[in-house]
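A.B. asks: Next come a sequence and a model predicted from it.
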Amino acid sequence: MEKLDLKKQWKHLYQPSGKEISVVEVPSLTYLMVDGKGNPNTSVAYLHAIEALYSLSYTLKFSLKNGPQPVDYGVMPVEGLWWAEDPGAFHRRDKSAWKWTAMILQPDFVAKKDVDAAFDDVRRKKNPAALERVRLETLNEGTAAQVMYFGPYAEEGPTIERIHAFIHASGKELYGKHHEIYLSDPRRTAPENLKTIIRQPMR
């Protein structure tokens, strides 16, 4: 059975340069999502959201792999949309004012009936705390600037400012929510080696 590599399929979105900021056209993509607020480093709600997203995503993966028309693929990394009433919150260490949407990209062939069946299966076996807060939603970001960031999450500020300056210098304005894609597992990776894609839609 062939295993689909979604990161390779969306190479321009998931393998950006770490040196140069690039402009990408992001198509409509469908995610499992959970909303919340507060510092993700101390928020129990954030941990619950990640648990529910992974439980559903892996249940979907294995149900499709073992289904009548088998297809295999790797579960995509956790991503996050971040925003605050005060845009300056992204340049400060206090993240208590941040609002977030934690999410995992799903293949375009995943149907609502597959998701519904996965919900039933996860509810029966694990029933994670945030399960009922998960939704399937399509995100339309359009044109965006992005770059690969290497290092601790707490030190992203200068890179975010660099992307904002790039957008303004291009005669554009920030549009939509700050977007991060977490390619490393912080439980197994030293902070200085963490790889995070930082993306900002613009118009």
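C.D. replies: Happy to help now that I have it. Numbers count the residues shown, from 1 in each chain.

A.B. asks: Would you state the strands of this protein in chain order?
C.D. replies: 3-4, 22-26, 29-37, 72-73, 78-83, 99-105, 135-139, 142-150, 178-182, 195-201 (DSSP state E).

A.B. asks: Can you point out the buried residues in the second one?
C.D. replies: For strand 22-26, the buried set under the neighbour-count rule, 16 or more other CB atoms under 10 Å, comprises Val24, Val26. Using the backbone N, CA and C atoms, a C-beta is placed for each residue, glycine as well.

A.B. asks: cool, and stretch 195-203?
C.D. replies: Buried, per 16+ other CB under 10 Å, within stretch 195-203: Thr196, Ile197, Ile198, Arg199, Gln200, Pro201, Met202.

A.B. asks: Please apply the same query to stretch 165-183.
C.D. replies: Applying 16+ other CB under 10 Å to stretch 165-183 flags Phe166, Ile167, Lys172, Leu174, Gly176, Lys177, His178, His179, Glu180, Ile181, Tyr182, Leu183 as buried.

A.B. asks: Render the CA-only coordinates of it in PDB, please.
C.D. replies: C-alpha atoms of stretch 165-183 as PDB (Å, rounded to 0.1, in the frame of the first residue of the first chain):
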ATOM      1  CA  ALA A 165       8.200  44.400   8.200                       C
ATOM      2  CA  PHE A 166       8.500  42.400   5.000                       C
ATOM      3  CA  ILE A 167       4.800  42.600   4.400                       C
ATOM      4  CA  HIS A 168       4.600  46.400   5.000                       C
ATOM      5  CA  ALA A 169       7.700  46.900   2.800                       C
ATOM      6  CA  SER A 170       5.800  45.000   0.000                       C
ATOM      7  CA  GLY A 171       3.000  47.600   0.200                       C
ATOM      8  CA  LYS A 172       0.700  45.100   1.800                       C
ATOM      9  CA  GLU A 173      -1.000  44.800   5.200                       C
ATOM     10  CA  LEU A 174      -1.500  42.000   7.700                       C
ATOM     11  CA  TYR A 175      -4.700  40.100   7.100                       C
ATOM     12  CA  GLY A 176      -6.000  37.200   9.100                       C
ATOM     13  CA  LYS A 177      -4.400  35.400  12.000                       C
ATOM     14  CA  HIS A 178      -0.800  34.700  12.900                       C
ATOM     15  CA  HIS A 179      -0.100  31.100  11.900                       C
ATOM     16  CA  GLU A 180       2.500  28.700  13.300                       C
ATOM     17  CA  ILE A 181       3.300  25.100  12.200                       C
ATOM     18  CA  TYR A 182       5.100  23.000  14.700                       C
ATOM     19  CA  LEU A 183       7.400  20.500  12.900                       C
END
